[in-house]
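structure of the sequence below:
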Amino acid sequence: MTSITGILILGFGGHARSVADVALALGISQLCFIDSNARPGESFSSFPVKSSMDFELPPDWVVIAAAGDNEKRLEQCDWAIQQGFRLGTLIAPSATVGIGALIGEGCFIAHHAHVGPMASVARGCIINTGAIVEHECSVGQFSHVSVGAVVAGRSRVGDRCFLGAGSTVIDGLQITDDVMLGAGACAHRDLEVAGTYVGVPAKFLGGTR
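Numbering: from 1, shown residues only. I've put the predicted structure just below:
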């Protein structure tokens, strides 16, 4: 985060507030939110929430796409790139990133999250509060490993996946693109079909998302 003095946060939902919290913990003291549903004069901890981009972004600012929803976050990143803005990556000071791990552009690694050695987290991902992506795992682009979820060693999670709060992917599994694993669910085998899985062990609920 060197040479970054401010962050433009896209969105003003709960996850956007989490992004702001990590930014402040990193000592970044200039923030602005953009959300089309913002009310006139709305703010968060004295930082403005604007309904549209009515100012020029300073050159030492970056943009963070702050939608928890994967598709919406992808759209936010695409918009930022079209505007010529620089995507930032935030890693909370309390998070740990192991030796040889790779964190992609536009990622958010929240408080107390852990990314293990030689793991890779692709572009636009969220590794949320207390989540674990263990050694030699890979998480595909625009996926969201939710609060307290665990991806055990050498597992592969595809693009645009959502692993719900407290869910578990056991060692060495393959999770295809566009899988939603419900809160508290446990994947004990490869998930080869896109869609929603719930329960312990996780069972296919239906439909692609």
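
low-confidence bits of this structure, can you list those?
Where the chain drops to pLDDT under 70, the residues are 1-2, 208-209.

please redo it, this time with the cut-off set to 50
1-2, 209 (pLDDT under 50).

all helices for this structure, in order.
With DSSP state H as the criterion, the chain has helices at 14-25, 70-82.

closest to Gly130 out of the ones you listed?
helix 14-25 (12.0 Å; C-beta to C-beta). Glycine gets a C-beta too; all of them are placed from N, C-alpha and C.

the inter-axis angle of that closest one versus helix 70-82?
Put simply, helix 14-25 runs at 50 degrees to helix 70-82, going by axes from the mean of the first three to the mean of the last three C-alpha atoms, to 10 degrees.

who touches the residue nearest the centre of the chain in this structure?
Centre of the chain computed as the mean C-alpha position; nearest residue by C-alpha atoms, centre = their mean is Ile126, 1.5 Å away. By C-beta atoms under 8 Å, 6 or more residues apart in numbering, Ile126 lies in contact with 15, 68, 73, 107-108, 110, 143-146.

from those residues, list the buried ones, please.
The neighbour count (16 or more other C-beta atoms under 10 Å) marks 15, 68, 73, 107-108, 110, 143-146 as buried among these.

point out the ones among these that are inside strands.
Those of the buried ones among the contacts of Ile126 mapping onto strands are 108, 144-145, per DSSP state E.

assess the claim that Gly182 and Lys203 are in contact.
No - Gly182 lies out of contact with Lys203 (C-beta atoms under 8 Å); the separation is 9.8 Å.
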